[in-house]
Structure formats: structure tokens, C-alpha cells
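1. the following comprises the amino acid sequence and a computationally predicted model.
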Amino acid sequence: MNGQSSNTPLQSSIPNVLMTNANDENQSIRVESVILEADSHNWVANNYGKTSFVLPKKGSVLNNDGQLIWRTKWSQYSIGTNKSATFPRESGGVLCIKSCKLFLDGKLVSSNEEVGKYLCMKNKFLPYDAQLEILDELVGSNKDYSYDATGLIELGEDKRMGESGSRDLTNLDEGTVECAVPLSQLFKLMGDTLLPTSLRGVLRIEIEWEGRFTELVCEGGAGWGGADRVGVEVVRPRLHLDYIEYAPEIDMALKEQIASSTGMTSPFREPSLVKKTLGALGAGANVSAPYDLELGFMGRSVMKIYAQKLSVDNDANALTRGGRSDGLTAEEIQLVVNNKTMFDRPVEKVSEMYSYLNQTGELPFNTLPATSGLVGAYVGGGGDANVFNDSVFLPSNVAKPTAQTAVTGVRNAYQGRQRWLGFNLAQQRLGADTPSNSVKIGESPILLRINRGNTGNGEESANDARTRSAVNVNVWVESVNALIMRNGRVEILEV
């Protein structure tokens, strides 16, 4: 990569007891676990919710293994119509989380926007077995699939309503689906350091929830109508926290350093969201358009960039909702950093895009086959196993947008819907996934260049509504901030 690296890499002055990596120091510690109920939880029906937690001051530091836990239920429906609802299979309940903020002493220390969509992408860096056996249980997703006798992909069956692990939501408290997300996923700060509890001021976490049915839930059952799409609600949010108490001499040394004028500095990663829109294409033949998306971040240290594309014509995709990234017909991408392109030519092959995305994670990106490839309304022929065609069926007890058994919309709901973009700007591409492994941006803004057309490669449909519509783009830029702790207080510095 032709980026300009920093001449003086950021070094942490944080003591070993606050580092999140293992060390061999002899320490005497005690761990206290706390289940913390919300201080306030408000819900506006069919709109949004907001929850606030005030964290108690215990021990020496707040450990980074805490979790946000909540339940979700379908709060309203027409009784007697045999209806149910489930989370989208690919994302599960993480789409419930709209944004999160961490405050200390009244200062905004860390925040994350469109968290659910961001986590949909991040969770795919887990091995497939872990997604299936662990993640599906934690967030209420279902990534199980197999191949049928003809070689076509067949989505795995859901557990039936009322069974343990069911993703069905009802209006009964005992029918709610419970989800859990690590706090280190919500706040990168908590993954990069441990927070001392002796800092002055109140430590507060605020969660904003997505409350719109069409953003969260898939319909299941029979006899659906638009008027029946009502009421989804998050109930009983809480935090599971671990506090670590060090030996008295270590605890005292830590408090003295934080209270001193020298203090300590801890770098951490912070994802910042940039929203852009690609305009709609004209209806003529061979129409194409380039877009330069200016991301900014001049003078900042940047590690990674991720992009999600949501076609406006399918923004309320009934099966995947917002937990997707739509592939564009004839898509080409380039990234310009410090006035130099990261690639010697535009990247147009999906396999190359997938490769660059893979470089951003410590583990490979694992998604359902066929969901990052072809786009448009192309119907595979000759038994092509890499596409969804009209012969795909969903099991009868899986959430679906209508009461029909053969769900032909599955192809367009999943095919080409997991084409996330990712770029690793780190000086060392493999390993060393730490805030110090970043690139300094000069006086020119980062540019994400996307080219799209309405004529595909012979396998993609051309000139249909989906390929021409406007596209909303969410870009998360993971930059580096520094948490400065001195005189018992905190300051945030953009590095």
C-alpha cells in the first residue's frame, strides 16, 4: 500500500495491569461479577427505545468481558390469526442495537453508530462452526444450510415455536428471544484497555434501540397483510459485568499514577460512521457512473475501513433486512489514501474484493455461499449450484414474507447480498491488530471510489429496477484515539 506511515508510532504508557493481552506477572486478584439492571428504559412503540446504565465503582478496573443482554418480543398482533415473527436468519437480534455511547465524568469517551449493521459484518469473521453453534445461540440467528440432491443451497430448518432456541417472537413474556453481545464489540475501547474505576465522575452507558418492525423482524405464519405489521419491543436490558480487584500495593500504585499530573495514556480504536448516497442510474443501455466518496480523516491515524451498500429499492428486504450489503452490477472499487491509489487498477472481480475484506480480520470472512457473488434477477441454468434460482424452497416453519410455500423471492433476498467491502491500512497486514499498527493520513482526505453500471457480465441482469436504484452507503472508518488519564480525570485525543 502506498500510504504515508507515521514517523512516531503511538506508544502506550499504560501499565501492564491495564493491558488486555496476557502477561506472566505474579498478581493476586479477585473478580466480582455483577448483573446490572437499567437505570432507565424507555420505549416508543414502532419507533425506537433508549436505555441508560450507571456503572457502580467496584474493584480496581472494569474487565473487558462484559456483555449487554436483552430480550425482544413482538408486542402486538391480531390474536387468533396464527402468526409469529422471527429475527432475520443472517443477522439475528443484533439489528436491535441502533447506537451506543460511553460517558465518563460527563464526557463522551466512545460511541458507535448503526451498531447492528456493523456487528452483522464483524460477526462473519468467526469460523462457520462458531457462527452456527455459538453465535446463533447468542443473537438468535440461524446460519445453518446444506445442499440438496440437485446441488442447490437449502436453508436449514428453524426450531419450531416454543422450543428451546426458537427465534420466534410472541406477545408473551415467556416467548421472548434473549440475545447477548460483548461490550468489547460495542465499544472498541473496552477491547483495547481496561477502565480504572478510581477515575472521577460517573461511568454511564447509553443504548439506543431500533424499534421499527420493518428494520428488525421477518414475518412468519399465514395470512399476512400490511396492517398486521405491528409492535416489536426490547424488554429487560441489563449488563453482565466483571470487576477486577488487584492486590493492595498494585491497586494503590495504579490510583497514584492516574491521580498524578503525568498520568497515563491508552490508545484505542474507534469506528466512525460516514454516510453517503450513490445516485440512481438512468434507464438507457450501458449506463455507468463513478462516485468519489470523500471520507475525510486528514491528519488522523487510520487502521481499517468497511463499507455497506443498501439498495434503496430493496431497503426493507423482507428476509435479510439491514443485515446485508448489496452487490452492484458491474461494480468497481478503488481506495485513494494520501493521493495514491491502494491498487494499481480498479478492483472489479468479486474474488478480489473478498480477498481485501479478508485481510481486515484476524480470521477469514465466512458467509453463506452465493451471497457475495452475482446480483440482479439472473436465474441459474444447467444446475448451477452457485446461485439461487426459482426451484429453491424454504421449510414451512421458517419465517417468510408471504404464505406461499415456494418462496421465489429468496434468490433476490440473499444472492449478492453479503458483498461487504473492507480495506486494511495497517502497516503490518497480518497480526498486530493493535492501535499502534495504523497509517497516518496526510492533508488529503481518504476517497472511496465506486463505479457501477446497469449492464452486467452476461450473468447479471441489466437495466432492471434494482440495478438502477439509488444506493445508501455506510462507511465505518476505524481510526485511533487516545484515552488520557491524569489528575483523576479523562481526556480524549484524536491521534
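-> Nice, thanks for sending it over.

2. and the longest helix for this protein?
-> The longest helix of the chain (DSSP state H) is helix 248-259.

3. nearest residue to Gly165 in space, please, no chain neighbours.
-> Lys159 (5.0 Å; C-beta to C-beta, 6 or more residues apart in numbering). C-beta: built from backbone N, CA, C; applies to glycine.

4. count the residues that sit near Ser444.
-> By other C-beta atoms under 10 Å, 14 other residues sit near Ser444.

5. correct me, but it touches Lys340?
-> No: if you go by C-beta atoms under 8 Å, Ser444 and Lys340 don't touch, sitting 9.3 Å apart.

6. who's in contact with Phe187?
-> Residues in contact with Phe187 (C-beta atoms under 8 Å, 6 or more residues apart in numbering) are 100, 102, 110, 112.

7. phi, psi of the first one?
-> Meaning Cys100. Backbone geometry at Cys100, expressed as degrees, to the nearest 10, gives phi -150, psi 150.

8. beta partners of it?
-> On the basis of DSSP bridges, Cys100 is bridged to Asn112, Ile207.

9. that one and Leu155, how far apart?
-> Distance, Cys100 to Leu155, by C-beta to C-beta, to the nearest Å: 31 Å.

10. and the helix or strand that contains Thr265, which residues are buried?
-> Using DSSP states H and E, Thr265 maps to strand 264-278. Across strand 264-278, burial judged by 16 or more other C-beta atoms under 10 Å covers 264-274, 276, 278.

11. for it, list the C-alpha coordinates in CSV.
-> C-alpha atoms of strand 264-278 as CSV (Å, rounded to 0.1, in the frame of the first residue of the first chain):
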residue,chain,number,x,y,z
MET,A,264,-1.1,7.5,31.6
THR,A,265,-2.2,7.3,28.0
SER,A,266,-4.0,4.4,26.4
PRO,A,267,-4.6,4.3,22.6
PHE,A,268,-7.8,2.6,21.4
ARG,A,269,-9.7,2.1,18.2
GLU,A,270,-12.9,4.0,17.4
PRO,A,271,-15.2,3.2,14.4
SER,A,272,-16.6,6.4,12.9
LEU,A,273,-19.6,6.2,10.6
VAL,A,274,-19.7,8.2,7.3
LYS,A,275,-23.0,8.1,5.4
LYS,A,276,-23.1,8.6,1.6
THR,A,277,-25.5,8.0,-1.2
LEU,A,278,-24.9,6.8,-4.8
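
12. direction included, what does that strand pair up with?
-> Next to strand 264-278 in the sheet, as set by DSSP bridges, lie strand 471-486 (antiparallel).

13. after the partner strand, heading C-terminal, what element do we hit next?
-> Counting by DSSP H and E, what follows strand 471-486 is strand 489-494.

14. adjacent strands (with direction) for that next one?
-> Using DSSP bridges, the strands paired with strand 489-494 in its sheet are strand 471-486 (antiparallel).

15. put the alpha carbons of the partner strand into CSV.
-> The C-alpha trace of strand 471-486 is given here as CSV (Å, rounded to 0.1, in the frame of the first residue of the first chain):
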residue,chain,number,x,y,z
VAL,A,471,-27.8,3.1,-3.0
ASN,A,472,-27.2,4.2,0.6
VAL,A,473,-23.6,3.6,1.7
ASN,A,474,-22.5,3.2,5.3
VAL,A,475,-18.7,3.5,5.8
TRP,A,476,-17.1,2.7,9.1
VAL,A,477,-13.6,4.1,9.4
GLU,A,478,-11.6,2.6,12.4
SER,A,479,-9.3,5.4,13.5
VAL,A,480,-7.1,5.7,16.6
ASN,A,481,-7.9,7.8,19.7
ALA,A,482,-6.0,8.1,22.9
LEU,A,483,-7.6,7.9,26.4
ILE,A,484,-5.5,10.2,28.6
MET,A,485,-6.0,9.7,32.4
ARG,A,486,-4.4,12.2,34.6
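
16. against which helices or strands is the helix or strand encompassing Ser110 packed?
-> Counting by DSSP H and E, the element that carries Ser110 is strand 107-113. Strand 107-113 makes packing contacts with strand 97-104, helix 189-192, strand 264-278, strand 489-494 when contacts are defined by 3 or more C-beta pairs under 8 Å, 6 or more residues apart in numbering; DSSP states H and E.

17. CA atoms only for the very next helix or strand once past it, dumped as PDB, please.
-> Where DSSP H and E defines the elements, the next helix or strand beyond strand 107-113 is helix 115-122. Below are the C-alpha coordinates for helix 115-122, written out as PDB (Å, rounded to 0.1, in the frame of the first residue of the first chain):
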ATOM      1  CA  VAL A 115     -24.100  -0.800  15.600                       C
ATOM      2  CA  GLY A 116     -26.400  -3.700  14.500                       C
ATOM      3  CA  LYS A 117     -25.400  -3.400  10.800                       C
ATOM      4  CA  TYR A 118     -21.700  -3.100  11.800                       C
ATOM      5  CA  LEU A 119     -21.900  -6.300  14.000                       C
ATOM      6  CA  CYS A 120     -23.600  -8.200  11.200                       C
ATOM      7  CA  MET A 121     -20.400  -7.800   9.200                       C
ATOM      8  CA  LYS A 122     -18.000  -8.300  12.100                       C
END
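
18. who touches helix 115-122?
-> For helix 115-122, the external contacting residues (C-beta under 8 Å, 6+ apart) are 90-91, 94-100, 112, 181, 185-186, 210, 271, 306, 308, 322-325, 420, 474, 476.

19. and for Asp65, the neighbour number?
-> Asp65 has 16 nearby residues by other C-beta under 10 Å.

20. give the buried residues for the longest helix of the chain.
-> Under the neighbour-count criterion of 16+ other C-beta under 10 Å, helix 248-259 has 250-251, 254-255, 257-259 buried.
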